[in-house]
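Enquirer: Any chance you could fold what I've pasted below:
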Amino acid sequence: MSSLEGQVWLITGATGIGGATARLAESRGATVFCCSLADGPHVAHVGDLSHDGVADAAINRCLDRHGRIDALFNVAGMSGRSFGDGPLHECSEAGWDTTLANNVRSMFLVSRGVLRHFLDIGRGGAILNMASVVARSPEPEHFATHAYAASKGAVLALTRSLAAYYAPHGVRVNAISPGLVATPMSRRAQSDEAIVEFMSRKQPLANGLLPAASIAEAAVFLLSPAARHITGQEIVVDGGWEVS
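Expert: Numbers count the residues shown, from 1 in each chain. Below you'll find the model as predicted:
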């Protein structure tokens, strides 16, 4: 893996996959600026990125502090189950709207600001968007959250469109689609014995839930100069979910 010395990475999220990626990127020389809903390790800006003005404020603070942004990892997102997400005939308006706002609107707002910076400086950059294996490989028994799946399908479509438009400007845009990962967002699944047993078969390469570090390794590669000729791609890190 090439050194990340001198690079500044903006990561939206500081726990789970975001935190694991921040730690790995820093170990390889990058300066990491994390945005999160709550203060904690690596967090440099606190706020809800789906709200007007918060994303631009975070980007401006990163630029004021470090002078540049070389890569953006759009990790921030949520499961809307507690707001009413579920099978579409049962999904509430709050479940739909909250899930789409946190998983797509926040990505739009942060990406827009970072893309403006990339175009202003004229030397390109890299964006990695968090999708999910359920966007293409649904699992109706345990994970029938249709607003969540729709939001991650939107992420994949946006990724391809951005990659095509901004490639002439030297900007790379890719997506990463994890399977079920052991993070704070998946606590419900981790505490359900039936789901844990199911995942040992659904993700046989991990014999259960994936560690966040496995997603971080792929993310750091895709955002690094080592992937300088990769754009418009979805990389699936699912422990065998899609083929099981």
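Enquirer: Mind listing residues that contact stretch 81-90?
Expert: For stretch 81-90, the surrounding residues in contact (CB atoms under 8 Å, 6 or more residues apart in numbering) are 79, 91-96, 98-99, 144-148, 188. For every residue, glycine as well, the C-beta is placed using N, CA and C.
Enquirer: Give the buried residues for it.
Expert: Neighbour counts over stretch 81-90 (16 or more other CB atoms under 10 Å) mark 81, 83-86 as buried.
Enquirer: Using TSV, please lay out those together with pLDDT, secondary structure and distance to V8.
Expert: Listed next are the buried residues of stretch 81-90 as TSV, based on pLDDT from 0 to 100; DSSP: H, G, I helix; E, B strand; the rest coil; distance: CB to CB, whole Å:
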residue	pLDDT	secondary structure	distance to V8
R81	94	helix	35
F83	97	helix	34
G84	97	coil	38
D85	98	coil	34
G86	97	coil	39
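Enquirer: sorry, back to before: which of the contacts of stretch 81-90 fall within helices?
Expert: Applying DSSP state H to those, the entries found in helices are 93-96, 98-99, 146-148, 188.
Enquirer: what's the next secondary structure element after the least confident helix or strand in the chain by mean pLDDT?
Expert: Of all helical and strand segments in the chain, the minimum by mean pLDDT, DSSP states H and E falls on helix 187-190, at a mean of 84. Sequence order places helix 193-202 as the next helix or strand after helix 187-190, per DSSP states H and E.
Enquirer: List the buried residues of that following helix.
Expert: Using 16+ other CB under 10 Å as the test for burial, helix 193-202 gives 195, 198-199, 202.
Enquirer: ok, now stretch 165-175?
Expert: Buried, per 16+ other CB under 10 Å, within stretch 165-175: 166, 171-175.
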